[in-house]
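Student: Quick one: sequence plus predicted model below, questions after.
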Amino acid sequence: MPDELRHAGREHLDAAHAARYDDIEDAGAADEIMLLRELGIDESATVVDFGAGTGQFVMEAASTVRQVTAVDVSPVMLGRLEQKVQLTGVQNVECVLAGFLSYVHKGEPVDLVYSRYALHHLPDFWKALALGMMAQILRPGGILRLWDVVYSFEPAEAARWLEAWMASVPVQAESGWTRDDLEEHVRDENSTFTWLLEPMLVKAGLSIERAEYSEDRMFARYICVKN
């Protein structure tokens, strides 16, 4: 198995980045909960969030489902979440220091697996294995909600769309993402194409019920159901 911590991205091991993460990144957790409720995720549901980070989604979900397991390979990011859990006194959140590949599930299959902006840390071979492992812990009919940096352009169009993405943010900024951050992502991380990721989802035993692509061709959101 690869060292998932080494693949996690430099910034996720940086305490300063973790401290300001909630200020520069909005997970849209309340909207996500509304969507998932429409799909049948209710107060009886059990959830595993892979790449939970500082726990924006986890904390929102904790008030609406029975149990949330928050999995993250970064002790720095998971530490921020653990602080939130302690401060709020939430009783139905379990924090687990692990990655997609090293997490060991205990108990019954879950109703929802959630992952936002985390799977791209793995190269494609390991993505496929991780998706298979996530599908294994879902009950039949369970839902995978996946957000990620996934490219919905053709290889020949890469220069055009990547430059447009990088030009959309400041070169320098006191808060928020910068061009250097996006360049680092493209260069050093493992985002893939939609036409590579989607067959992996199917191969894992999941049906893609909904796929949404951002106008800038950089992001994709999926609702998948376990067959």
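Tutor: Received it, and whenever you're ready, just let me know what you need. Residues are numbered from 1 along each chain as shown.
Student: any low-confidence regions in the protein?
Tutor: 11-12, 174-175 (pLDDT under 70).
Student: Quick check: the gap between the nearest residue to residue 138 once chain neighbours are set aside and residue 144.
Tutor: What sits nearest to residue 138 in space, not counting adjacent residues and going by Cβ to Cβ, 6 or more residues apart in numbering, is residue 226, at 4.3 Å. C-beta coordinates here come from the backbone N, C-alpha and C atoms, glycine included. To residue 144, residue 226 is 7 Å away according to Cβ to Cβ, to the nearest Å.
Student: Wait, residue 179 touches residue 164, no?
Tutor: No. Taking contacts as Cβ atoms under 8 Å, residue 179 lies outside contact range of residue 164: 11.8 Å.
Student: Which one of the two is surrounded by more residues?
Tutor: residue 179 (16 against 12; other Cβ atoms under 10 Å).
Student: correct me, but residue 214 touches residue 165?
Tutor: No. At 9.6 Å, residue 214 does not count as touching residue 165 under the criterion of Cβ under 8 Å.
Student: Spit out the contact partners of residue 89.
Tutor: Not one residue lies near residue 89 by Cβ atoms under 8 Å, 6 or more residues apart in numbering.
Student: thinking again about what came up before, tell me the contacts of the residue nearest to residue 138?
Tutor: By Cβ under 8 Å, 6+ apart, the contact set of residue 226 is 135, 138, 139, 140, 141, 142, 143, 144, 205, 206, 207.
Student: count of neighbours near the second one?
Tutor: One way to gauge burial is a neighbour count; for residue 138, by other Cβ under 10 Å, it gives 24.
Student: That one and residue 114 touch, don't they?
Tutor: No. Contact criterion Cβ under 8 Å: residue 138 and residue 114 do not qualify, at 11.1 Å.
Student: Now do the shared contacts for the two.
Tutor: By Cβ under 8 Å, 6+ apart, residue 138 and residue 114 have these common neighbours: residue 144.
Student: ok so, going back, just the buried members of the contacts of residue 226?
Tutor: For the contacts of residue 226, a neighbour count by 16 or more other Cβ atoms under 10 Å gives the buried set as 135, 138, 142, 143, 144, 205, 206.
Student: measure the fifth one to residue 63 for me?
Tutor: With distances defined as Cβ to Cβ, the gap from residue 144 to residue 63 amounts to 22 Å.
Student: In the chain, where's the longest strand?
Tutor: Within the chain, and with DSSP state E defining each element, the longest strand by residue count is strand 138-149.
Student: Just the CA coordinates for it, please, in PDB.
Tutor: The C-alpha trace of strand 138-149 is given here as PDB (Å, rounded to 0.1, in the frame of the first residue of the first chain):
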ATOM      1  CA  LEU A 138     -22.000   0.400   1.700                       C
ATOM      2  CA  ARG A 139     -25.300  -1.600   2.100                       C
ATOM      3  CA  PRO A 140     -27.000  -2.500  -1.100                       C
ATOM      4  CA  GLY A 141     -28.800   0.600  -2.200                       C
ATOM      5  CA  GLY A 142     -26.500   2.800  -0.200                       C
ATOM      6  CA  ILE A 143     -25.200   6.100  -1.500                       C
ATOM      7  CA  LEU A 144     -21.800   7.300  -2.400                       C
ATOM      8  CA  ARG A 145     -21.600  11.100  -2.600                       C
ATOM      9  CA  LEU A 146     -18.400  12.100  -4.300                       C
ATOM     10  CA  TRP A 147     -17.000  15.600  -5.000                       C
ATOM     11  CA  ASP A 148     -13.600  16.000  -6.500                       C
ATOM     12  CA  VAL A 149     -11.300  17.900  -8.800                       C
END
